[in-house]
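Q: Requesting a structural model of the entry that follows:
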Amino acid sequence: MTDKRLNKEIEAAHLRIKKDVRFTPLQYSPSLSNQSNAEVYLKLENFQVTGSFKARGATNKSRILFDEGHTSIITASSGNHGSAVANAANLLGIDALIFLPNTVSEAKLKKIQSFGAKTQLVGNDSGDAEVAARNYAEKNQLPYLSPYNDEDVIAGQGTIGLEILKEQDQMDAVFIAVGGGGLIAGVGSYIKEFCRECEIIACSPKNSAAMHHALQMGKIEQIQHQETLSDGTAGALEEGSITFDYCQSVVDRSILVSESEIQNSMKAFIDQHQMLIEGAAGVALAAFESVKEEYKDKKVTILLCGGNIANKTLLKVLQS
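A: Numbering: from 1, shown residues only. Purely as a prediction, here's the structure:
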């Protein structure tokens, strides 16, 4: 089932943000295609402004808030969404306060601060930061910009699906890393309307797989989280998140991958493609590689959601 209303919002978001974000390449991968006997394309959101797909949703929502007369934004992030909001606020000339977990990478923290946003560290994962940010926004009567639980953010992320179909109007499967679900909700909804048979595959790290478990159980439940290379998808899923219903509608398959699989996929990709990716992008790669035999002779897109990786994490991957 697709949401035609959301897809109209995705098309409106595309027009709203096209001057602020990049139409990223959809690049054929000879190495992954040869290894899998499939036709594999890479959607290079690691080339996006701020180095992540998050620029899309954050810019769309920030522009809407700005047009409504708001001059301050509060948000929470594990890093990439924070950079995206900080960048959008800087473009619009408004204030941003970003709540982040204490585990945020130093590289992502410095990047957020470089855009002029204020930051506050709290808790051990993005779920803790979200609670603190929401409470602060409510107390001070300021708009809270959710990393994923917001239709305008989902619509912004969905512009990736629109771009994919502009270049390849038929696709058999799209592999997408999942955290809060905003990315796969938007991309999946748009692609499903125009390419109904395309399989939308959710990819999660075993160490932190809130949406995977929610889809299995049929409801959002709090689970235990462990450290993962995929810090961009890590953390709890907000109770009542609208992304859950969208994911139930568009996700055809959900795959879990181990930390060693993520690490091995990242190392091989960097070696073969000579470009940087972060852990969340490695999750989508690892998921595809775990089932690649099933996609022989099919046309596949792997969404590389970002390229923001700390130096020490990169060294760990390369030295493995």
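Q: Tell me how many other residues crowd Glu293.
A: Glu293: 10 surrounding residues under other Cβ atoms under 10 Å. All C-beta atoms are positioned from the backbone trio N, CA, C, and that covers glycine.
Q: Can you verify my assumption that Ser36 contacts Val291?
A: No. Here Ser36 lies out of contact with Val291, judged by Cβ atoms under 8 Å, at a distance of 9.5 Å.
Q: who's more crowded, those two?
A: Neighbour count, other Cβ under 10 Å: between Ser36 and Val291, Ser36 has more, with 21 against 14.
Q: What residue, apart from its backbone neighbours, is nearest the more buried one spatially?
A: Of all residues not flanking Ser36 in the chain, Lys292 sits nearest, at 3.8 Å (Cβ to Cβ, 6 or more residues apart in numbering).
Q: And the strands in this protein?
A: Listed in chain order, the strands of the chain (DSSP state E) span 26-28, 39-44, 72-76, 95-100, 118-121, 144-145, 173-177, 199-205, 253-257, 299-304.
Q: nearest to Gln216, of these?
A: Proximity to Gln216 (Cβ to Cβ) singles out strand 253-257 among these, at 7.5 Å.
Q: Can you spell out which helices and strands pack onto that closest one?
A: When contacts are defined as 3 or more Cβ pairs under 8 Å, 6 or more residues apart in numbering; DSSP states H and E, strand 253-257 packs onto strand 199-205, helix 210-217, helix 279-291.
Q: Give me the buried positions along that strand.
A: 254-257 (16 or more other Cβ atoms under 10 Å).
Q: again with stretch 220-235
A: For stretch 220-235, burial by neighbour count (16+ other Cβ under 10 Å) applies to 220, 225, 228-235.
Q: Check stretch 304-320 too.
A: The neighbour-count check on stretch 304-320 (16+ other Cβ under 10 Å) flags 304-310, 313-314, 317 as buried.
Q: how much space is there between the most centrally placed residue in the chain and Gly161?
A: Centroid-nearest residue in the chain: Leu183, 5.0 Å away (criterion: Cα atoms, centre = their mean). When distance is defined by Cβ to Cβ, to the nearest Å, Leu183 is 10 Å away from Gly161.
Q: Isn't the residue nearest to the centre of the chain up against Ala177?
A: Yes. At 7.4 Å, Leu183 counts as touching Ala177 under the criterion of Cβ under 8 Å.
Q: which residues are in contact with both of those two?
A: Residues touching both Leu183 and Ala177 by Cβ atoms under 8 Å, 6 or more residues apart in numbering: 303, 305.
Q: What's the separation between the spatially closest residue to Thr233 that is not a sequence neighbour and Gly186?
A: Counting by Cβ to Cβ, 6+ apart, Gly179 is the residue found nearest to Thr233 once chain neighbours are left out, at 3.3 Å. Gly179 sits at a distance of 13 Å from Gly186 (criterion: Cβ to Cβ).
Q: Could you check which of those two is surrounded by more residues?
A: Per other Cβ under 10 Å, whichever of Gly179 and Gly186 has more neighbours is Gly186, with 34 against 31.
Q: Show the contacting residues for the nearest residue to the more buried one once chain neighbours are set aside.
A: Closest residue to Gly186 apart from its sequence neighbours, by Cβ to Cβ, 6+ apart: Gly158 at 2.7 Å. Gly158 is in contact with 6-7, 9-10, 13, 185-187, 189-190, counting by Cβ under 8 Å, 6+ apart.
Q: I'd like those as TSV, with pLDDT and distance to Ala281 appended.
A: Shown next, in TSV, are the contacts of Gly158 (pLDDT from 0 to 100; distance: Cβ to Cβ, whole Å):
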residue	pLDDT	distance to Ala281
Leu6	96	24
Asn7	96	25
Glu9	98	26
Ile10	98	22
Ala13	98	22
Ala185	98	18
Gly186	98	17
Val187	98	14
Ser189	97	21
Tyr190	97	20
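Q: Narrow those residues to those in helices?
A: 6-7, 9-10, 13, 185-187, 189-190 (DSSP state H).
Q: Give the single residue among those positioned nearest to Val283.
A: Val187 (15.1 Å).
Q: Could you count how many residues lie near that closest one?
A: Residues near Val187, counting by other Cβ under 10 Å, number 28.
Q: Quick check, it in contact with Leu303.
A: Yes. With contact defined as Cβ under 8 Å, Val187 and Leu303 form a contacting pair (7.0 Å).
Q: Please enumerate the shared neighbours of those two.
A: Common neighbours of Val187 and Leu303, using Cβ under 8 Å, 6+ apart, are 160, 174, 176.
Q: Bridged to the last one, which residues?
A: Under the criterion DSSP bridges, Ile176 forms beta bridges with Ala202.
Q: so what's it up against?
A: Residues in contact with Ile176, defined by Cβ under 8 Å, 6+ apart, are 183-184, 187-188, 200-203, 284, 303, 305.
Q: In the stretch 101-250 of the chain, mark out all the helices, start to finish.
A: For the stretch 101-250 of the chain, helices defined by DSSP state H, counting those that start in this stretch occupy the ranges 106-114, 126-139, 151-167, 182-194, 210-217, 242-250.
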